[in-house]
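Colleague: The following comprises the amino acid sequence and a computationally predicted model.
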Amino acid sequence: MTQQEFLNIVMPFKDKVFRLAKRLLVSTEEAEDATQEVLLKLWNNKKNIEGYKNVEAFSMTMTKNFCLDKLKSKQAQNLKIVHSNYEDGNTALQKQVEVNDSVNWVAKIIEELPDQQKLIVQLRDIEDYDLDEIAQMLQMNNTAVRVALSRARKTIREKLTNTHNYGIK
Amino acid sequence: MVLNNIEKLLEKYENGETSLKEEQLLKTYFQQEAVPPHLEPYKAMFTYFKVSQQEQFTKHVPLKTKKVYNYKWISVAAVAVLLVGFYFKSTETQSDDLGTFQNPQEAYDEVAKSLAMISGHFNKGVSTVGYLNEYDKGYETLNYLNELENSTRIIFKPNH
């Protein structure tokens, strides 16, 4: 397989891999590193790529596992700084003015969700994957995915409603 | 779209029962500016989903074709080099052969000549070793010391 052929396969979903990694790892730099790592792993395994039924789903599973491993090792070391994309106070203020503040709240709320729900929200609501595909990627069954998704959506909505009311009162 | 309809869809959505198409409907609905106040949180949610969909991975990934060194061929090359080395070595030892004489008289003369040369050099060496005679002379003078020892023996004997 040539580099071009490989890129043709990988290009359509590389952004999805990156966004999934970012959902779990939070920091942009770490998500970039993780994406790079996943793509390199795929490249080194390019001989087997044609044998996979669904390269995209396979890559998403790989990304999920890679990021979870990373988080686990980070917890074990308990030393590294997790968030390396510090924001300048000024731009944050500007953003607050520009964008509706509650949109940023959504990001924070999703960040507080358990890893699995995070993954499912990311895959369903942002990447628009089919429930069956998600079940395949996460090695879960269909109903479990649906339940987790419903739970996550409800949590996000409830927390948003709360912060919204705080704003008014 | 009718508000009633949207609310129904939202309920289904929260139970995780909406299809992708229905969710797309919700997403487009919440893109509009004015939304009833009680649906405000949903607007934030769907806007966030829409926004974060656009993030892209821009980092370059260096794809190197992995070089697999074939050690088998390296060993073959090593053996070839060794063989060439041995070959040159063996031809060199053959060139030590100086040839032979066909005529016996000639051979005899040649041998006599080289033997004469050897003995000449040998004699030269022996003459330089002549200095060793000086050593013998020195040793003889040391014999006087024995005389001294005899006399001391005579002196100390009565004391025993």
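Modeller: That came in fine, so what should we check first?
Colleague: hey, where'd the helices end up in chain B?
Modeller: Remark: helices assigned in chain B by DSSP state H are B:3-14, B:20-29, B:40-52, B:71-94, B:104-129, B:132-142, B:144-156.
Colleague: Which one, of these, ends up nearest to chain A?
Modeller: helix B:40-52 (3.7 Å; CB to the nearest CB). C-betas here are computed from N, CA, C, even on glycine.
Colleague: Neighbours of residue B:28, how many?
Modeller: 12 (other CB atoms under 10 Å in any protein chain shown).
Colleague: Kindly report the same for residue A:19.
Modeller: For residue A:19, the count of nearby residues is 22 (other CB under 10 Å).
Colleague: what about the longest helix along chain A, near chain B?
Modeller: Criterion DSSP H: the longest helix present in chain A is helix A:142-168. Yes - using CB under 8 Å from any CB of the partner chain, helix A:142-168 reaches chain B at A:146, A:147, A:149, A:150, A:153, A:154, A:156, A:157, A:160, A:161, A:164.
Colleague: Might you report the residue contacts of the fourth one?
Modeller: Taking CB atoms under 8 Å, 6 or more residues apart in numbering or on different chains as the contact definition, residue A:150 lies against B:14, B:15, B:16, B:17.
Colleague: Likewise for the third one?
Modeller: Residue A:149 sits next to A:117, A:120, A:121, A:124, A:131, B:16 when contact means CB under 8 Å, 6+ apart.
Colleague: Please determine how far the fourth one is located from residue A:155.
Modeller: The reference is to residue A:124. Look at residue A:124 and residue A:155: by CB to CB, to the nearest Å, they are 14 Å apart.
Colleague: got the residues of chain B near chain A?
Modeller: For chain B, the contact set with chain A under CB under 8 Å from any CB comprises B:13-17, B:20, B:23-24, B:40-42, B:44-45, B:47-49, B:51-53, B:55-57, B:59, B:61, B:63, B:65-66.
Colleague: which of those residues count as buried?
Modeller: Buried by 16 or more other CB atoms under 10 Å in any protein chain shown: B:13-14, B:16, B:23, B:40-42, B:44-45, B:47-49, B:52, B:57, B:61, B:63, out of these.
Colleague: Now do the domain split for the chain, please.
Modeller: All of this refers to chain A. Domain segmentation of chain A under automatic domain parsing yields A:1-83, A:99-169.
Colleague: meant chain B actually
Modeller: What automatic domain parsing lists as the domains of chain B is B:3-52, B:102-160.
Colleague: Among those domains, single out whichever gets nearest to residue A:61.
Modeller: Comparing the domains of chain B by their distance to residue A:61 (CB to CB), the top pick is domain B:3-52, with 20.3 Å.
Colleague: Centre of the chain to stretch B:112-130, how far?
Modeller: Centroid separation for stretch B:112-130 versus its chain: 54 Å, with CA atoms, centre = their mean, to the nearest Å.
Colleague: and that stretch, average pLDDT?
Modeller: In this model, stretch B:112-130 carries a mean pLDDT of 89.
Colleague: hang on, the earlier thing: which one of the domains of chain B is the most hemmed in?
Modeller: Per residue and on average, the most neighbours among the domains of chain B fall to domain B:3-52, with a mean of 16 (mean count of other CB atoms under 10 Å in any protein chain shown).
Colleague: And the next helix or strand past the helix or strand of chain A with the lowest mean pLDDT?
Modeller: Sorting the helices and strands of chain A by mean pLDDT, DSSP states H and E puts helix A:89-98 at the bottom, at a mean of 50. Next along the chain after helix A:89-98, taking DSSP states H and E as the criterion, comes helix A:101-112.
Colleague: What is the most widely separated pair among the contacts of residue A:149?
Modeller: The largest separation in these, counting by CB to CB, is between A:117 and A:131 at 14.3 Å.
Colleague: Flag the shaky bits of chain B, pLDDT-wise.
Modeller: Chain B contains residues with pLDDT under 70 at B:1, B:65-69, B:91-97, B:158-160.
Colleague: Enumerate the residues of chain A near chain B.
Modeller: Counting by CB under 8 Å from any CB, the residues of chain A close to chain B are A:3, A:6, A:14-15, A:17-19, A:22, A:32, A:35-36, A:39-40, A:43-44, A:100, A:102-103, A:105-107, A:125-128, A:130, A:146-147, A:149-150, A:153-154, A:156-157, A:160-161, A:164.
Colleague: What remains of those residues if I keep only buried residues?
Modeller: With neighbours counted by 16+ other CB under 10 Å, those contain buried members at A:6, A:14-15, A:17-19, A:22, A:32, A:35-36, A:39, A:43, A:102-103, A:105-106, A:125-127, A:146, A:149-150, A:153, A:156-157, A:160, A:164.
Colleague: Could you pull up the mean pLDDT of the host helix or strand of residue A:38?
Modeller: Assigned by DSSP H and E, residue A:38 belongs to helix A:28-44. For helix A:28-44, mean pLDDT is 89.
Colleague: State the distance from residue B:152 to residue B:146.
Modeller: Residue B:152 is 11 Å from residue B:146, by CB to CB.
Colleague: Likewise for residue A:144?
Modeller: The spacing between residue A:144 and residue B:146, counted by CB to CB, is 117 Å.
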